[in-house]
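A.B. asks: Sequence and predicted model, in that order:
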Amino acid sequence: MTYQIRKAAVIGSGTMGSGIAALIAGVGIPVVLLDIPAKDSQPGDPPAKRNTIVNQNMKAMLKTKPAPLFKDSDIDLITAGNTEDDLERLS
């Protein structure tokens, strides 16, 4: 029996989590990258504010040397989210 991974999720967008997400995206698998919501945000705030931590770490992936992404366009396969608002993306 052969299995195919169609989607992955990584919880924690720090150095290790971002690196794992970049590796998975590098082989063409879409990834949901989740972290805690920003401390200065409240439920109902726009996703850009709630996902500040993940968004900052994704920007850092593009600047890190050596780069965790095989190519910059791999970032398009990574979707940012947070553990309070976006857990349904795991299904």
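C.D. replies: Ah, there it is. This one's a predicted model, so the numbers in the text were calculated from it and none came from an experiment.
A.B. asks: What is the neighbour count of residue 15?
C.D. replies: Residues near residue 15, counting by other C-beta atoms under 10 Å, number 13. For glycine as for every other residue, the C-beta is placed from the backbone atoms N, C-alpha and C.
A.B. asks: The chain: helices as residue ranges?
C.D. replies: Taking DSSP state H as the criterion, the chain contains helices spanning 15-26, 47-50, 52-63.
A.B. asks: Mind putting these into a markdown table with distance to residue 90 and mean pLDDT?
C.D. replies: What follows is the helices of the chain, written out as a markdown table (distance: least, C-beta to C-beta, whole Å; pLDDT from 0 to 100):
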| stretch | distance to residue 90 | mean pLDDT |
| --- | --- | --- |
| helix 15-26 | 14 | 97 |
| helix 47-50 | 16 | 94 |
| helix 52-63 | 15 | 95 |
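A.B. asks: closest one to residue 82 among those helices?
C.D. replies: Closest approach to residue 82 among those (C-beta to C-beta): helix 47-50, 5.3 Å.
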